[in-house]
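Enquirer: Pasting the sequence and the predicted coordinates here, then a few questions.
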Amino acid sequence: MKSAKNIFDIKIKMICIIMTVIIMTVIIAAVMMWPVSVMADGDKCMAENITLTVNDTDIYNVKAVCPYYDNNTYLSLRDMANAFAGTDKAFDVSVASDSIVITTGTDYQSPGIGNDPFDQAAVDEVYGLSYTLKINSMKIDGREVKYFSLIGSVGGVYDAFISTTDFALIFDTDMWYRGDDLYADTKSDYVIDIDILDKNEYFSLSSGALVGDATTGDILYEYEGDKSLPIASTTKLMTYLIVMDAVSKGSISMDDSIVISEKAEWLSGTSDGVVALTAGTVTNIQDMLCGMMIASSNECALVLAEHVAGTEQLFVDMMNTTAAAIGLSDETVFYNCNGLPVYSEDMITSKNQNHMTCEDMFKLCSYIINRYPQITDITTLKSTTLSSVGAWVANTNSLLYNMPECIGLKTGTTNKAGACLVSAATVNVDGTDHTIIAVELGAENQIYRITVSQVLLTYGIQYVLGETPSHHDTDVPGDIPVTAEGLCSLIVNAAREKHEKTEE
Amino acid sequence: MRKFSFRKIKYMLIGVIALTAFIFAGCGRNPAKAFYGTFESTVDISGYVCERADEWMSTALMSELIDSDDIITDIRLSVTIKFNEDGTWSQTADESSYESVVADGYEKMEELVRQLLKLRLNGAGETGYDDDALDELIEETIGMTLSEYVNEYVTDIIPSFEELSDIYNTEGRYEVTENVLLRDGIQEAYFAGDDTIVITAPVSGNAVWENDYPMILIKEGAVSPEPVEIENTETSQDKTDSDSGDEEPAEKEIIELN
């Protein structure tokens, strides 16, 4: 009996061991496969072939992908280069797995492949392509730029895709859609038609948008300009003003030595920290201003606030007082010096964020630019080293790369505020420098933040220079429908109208 | 011990001789010889155009009442078929015919759209629009003729030449017996003339291009013959007779039973 029981036990144990091995094998296999599939999973893109007419004469096929949504069109740089060969806007492009190099003024050196259209299978498979939309390394004539692009292998060679708007801005080419077809006039520059954009609700990509001439005080365009919106780290523009006013008044000096507080050290160690600070370290105003304005360091802003006012709360009082003093509306309210969310002291706590209108932000920036133009000495730096704290910081404003004429000013991002950017550029008109300021608040993501800001700033520059957009027939004549039902409805309605007129 | 039977051997020899004679008689005439060479033919791509036309039409109310198969028919693409003496054959689509395929396809699509519009106008109580009146209304409304509209806005209804090449370019092995061609597992009945082979219908196996029978293969360089009419062509696809629409249905004879 004992031996039979032993045999039974042994069998049970063997079964358990075998089952365990099988299960572990399956788990290990799944774990090994899972990261690959996750890493390989990019943004889902629809593929389409677009007809491009260049200079009213030459017709080309351009591959396009639409990440996430239909009509979110990103054009193949190889196909565009092929189409622009021999024109005023010719360019060569080479694409590797994660980099793009563009050389303007020279025809496309085709590798012999890569310009075939997408095959029908790719077009039919909705969201079949998987690329990752990100800021890939990109250089134009040796200059680094930061545009969002998709890179993928197409037809045996890497190709890069960028948005139609970015393409028009980069190559300064007049481009427009008529129905699904794209047109390009390489002999004309891309002049922003703000009326068309406004009509198409382009700026609803943001919660608020405005562009104005800080030199004259004129607002050139605004969308929801008087709407109170959270402003995130663009708050630091006001912080900069208070600090510089304190320097101007002699309350503090640029030569002051500042001892970093424990509160600042604590903040730098949180998830909102940007620059590592150690309590007791001696720093200076210039380094803290650079850390705050270039890298959007919340702890550097706190260090400055404490140095100016003793405590952050007193500094915030100064911010609100100054806002009123320079004529900002009641919609402008500050709760802290850096733009982070603030929990109130109530039992049922509220999460407050600094807020302003786009109009108020334009007024504030105009005031700062006119009073402290040296702000651009900091805001134009793409990177710098904060020697006193041993930190190297990079500018969060990608527009500095994309627009050489951009002179700043400040980015801002929180969940509630969205992606914000206050930017500026200087343009000389008849011997007078004009500073154009663009305010963009509440974009859904970085892509829109950069593009909307570049469009606004470009428009402001073009407006001041007196450039007017070409008017193109972007509507198909008589709003011709392209669907069967659309055509039927149109014709039936036309017949009815004709009938009624006849009866009258 | 069994007795050795010369009679059995005799009958066996007679049978072998007869069989051999039969084989030689059969082999004397090689039916495959009629196939050697290069032939020109056409294939009907209407089905592919109908699919795309139906997709474009599908957004329109009442489009299900129109059968695109009745209007988009007989759009023929030229193909070249080569039968080699080593038993291999190949078929390639002919690009020079593609332009006329496109033109033909769009012409038929224009007619399909015209029929749809007429249907919708009738449905809306706007009767009395013949072709000319409808064309005039269209041109007044959209600023272009229906033909111009279809060519510009109803895009991609004709498969590209590359797509058609993918479908129709093929190769394989073939065998020929008297009246039956075997290629790619399909047996097809045929009859051959001097410079023409007419493949009438599949005998067994699934037909590859059901609508293409009879396939008329004309030897390269020969004069094309008069169209061959084949009665009662059977294909593997069931066909139902459709009403012509103009004929009155025959009245049933009523038989009164007393």
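Expert: Good, I have the coordinates. Quick caveat, the model's predicted, so the values are computed rather than measured.

Enquirer: Distance-wise, check the residue of chain A found nearest chain B relative to B:Leu61.
Expert: Here chain A gets closest to chain B at one residue, A:Ala484, 3.7 Å apart by CB to the nearest CB. From N, CA and C alone the C-beta is placed, and that goes for glycine too. For A:Ala484, the distance to B:Leu61 equals 9 Å [CB to CB, to the nearest Å].

Enquirer: ok, the two, which is more surrounded?
Expert: Neighbours were counted for A:Ala484 and for B:Leu61 using other CB atoms under 10 Å in any protein chain shown; A:Ala484 has more, 23 against 15.

Enquirer: who touches that one in this structure?
Expert: The contact partners of A:Ala484, taken as CB atoms under 8 Å, 6 or more residues apart in numbering or on different chains, are B:56-60, B:63, B:113, B:116.

Enquirer: number of nearby residues for the closest residue to it other than its chain neighbours?
Expert: Nearest non-adjacent residue to A:Ala484, counting by CB to CB, 6 or more residues apart in numbering or on different chains: B:Ala60, 3.7 Å away. Neighbours of B:Ala60 under the rule other CB under 10 Å: 21.

Enquirer: what do you get for the one 3 residues further on?
Expert: By the other CB under 10 Å criterion, the neighbourhood of B:Ser63 contains 20 residues.

Enquirer: can you pull the contacts of A:Val145?
Expert: So A:Val145 contacts A:138-139, A:170, A:401-402 (CB under 8 Å, 6+ apart).

Enquirer: Local confidence estimate at the residue of the stretch 1-150 of chain B found nearest chain A?
Expert: Chain A sits closest to B:Ala60 of the stretch 1-150 of chain B, with a gap of 3.7 Å, by CB to the nearest CB. Note on B:Ala60: pLDDT of 80.

Enquirer: What residues does chain B have near chain A?
Expert: Counting by CB under 8 Å from any CB of the partner chain, the residues of chain B close to chain A are B:56-61, B:63, B:113, B:116-117, B:120-121, B:124, B:126, B:129, B:137-138, B:140-144, B:149, B:153, B:159-160, B:162-163.

Enquirer: filter those residues to the buried ones?
Expert: Buried subset of those (neighbour count, 16 or more other CB atoms under 10 Å in any protein chain shown): B:56-57, B:60, B:63, B:113, B:116-117, B:120-121, B:124, B:126, B:129, B:137-138, B:141-142, B:144, B:149, B:153, B:159, B:163.

Enquirer: Inside helices: which ones of these?
Expert: B:56-57, B:113, B:116-117, B:120-121, B:137-138, B:141-142, B:149, B:153, B:163 (DSSP state H).

Enquirer: Output these as a markdown table; include the columns pLDDT.
Expert: Shown next, in a markdown table, are those (pLDDT from 0 to 100):
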| residue | pLDDT |
| --- | --- |
| B:Trp56 | 87 |
| B:Met57 | 86 |
| B:Val113 | 95 |
| B:Leu116 | 93 |
| B:Leu117 | 94 |
| B:Arg120 | 88 |
| B:Leu121 | 90 |
| B:Leu137 | 93 |
| B:Ile138 | 94 |
| B:Thr141 | 90 |
| B:Ile142 | 90 |
| B:Tyr149 | 93 |
| B:Tyr153 | 87 |
| B:Glu163 | 90 |
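
Enquirer: helices and strands of chain A: which one has the lowest mean pLDDT?
Expert: Taking mean pLDDT, DSSP states H and E as the measure, helix A:2-40 is the helix or strand of chain A with the lowest mean score, a mean of 64.

Enquirer: What is the subsequent helix or strand relative to that one?
Expert: Downstream of helix A:2-40, the first helix or strand assigned by DSSP states H and E is strand A:43-54.

Enquirer: in that following strand, what's buried?
Expert: By neighbour count with 16+ other CB under 10 Å, strand A:43-54 contains the buried residues A:45-50, A:52-54.

Enquirer: B:Lys33: which of those residues is nearest?
Expert: Of all those, A:Asn49 has the smallest distance to B:Lys33: 47.2 Å, by CB to CB.

Enquirer: thinking the closest one is in contact with A:Val123, fair?
Expert: Yes: using CB atoms under 8 Å, A:Asn49 makes contact with A:Val123 at a distance of 6.7 Å.

Enquirer: For stretch B:162-172, list the C-alpha coordinates in PDB.
Expert: Output in PDB follows, covering the C-alpha atoms of stretch B:162-172 (Å, rounded to 0.1, in the frame of the first residue of the first chain):
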ATOM      1  CA  GLU B 162      -0.100  47.600 -62.500                       C
ATOM      2  CA  GLU B 163      -3.100  46.100 -60.600                       C
ATOM      3  CA  LEU B 164      -4.400  44.500 -63.800                       C
ATOM      4  CA  SER B 165      -0.900  43.200 -64.600                       C
ATOM      5  CA  ASP B 166      -0.900  41.600 -61.100                       C
ATOM      6  CA  ILE B 167      -4.200  39.900 -61.900                       C
ATOM      7  CA  TYR B 168      -3.700  38.800 -65.500                       C
ATOM      8  CA  ASN B 169       0.100  38.300 -65.800                       C
ATOM      9  CA  THR B 170       0.500  34.600 -65.200                       C
ATOM     10  CA  GLU B 171       2.400  31.500 -66.400                       C
ATOM     11  CA  GLY B 172       2.300  27.800 -66.000                       C
END
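
Enquirer: Since that was my last question, I'll sign off now.
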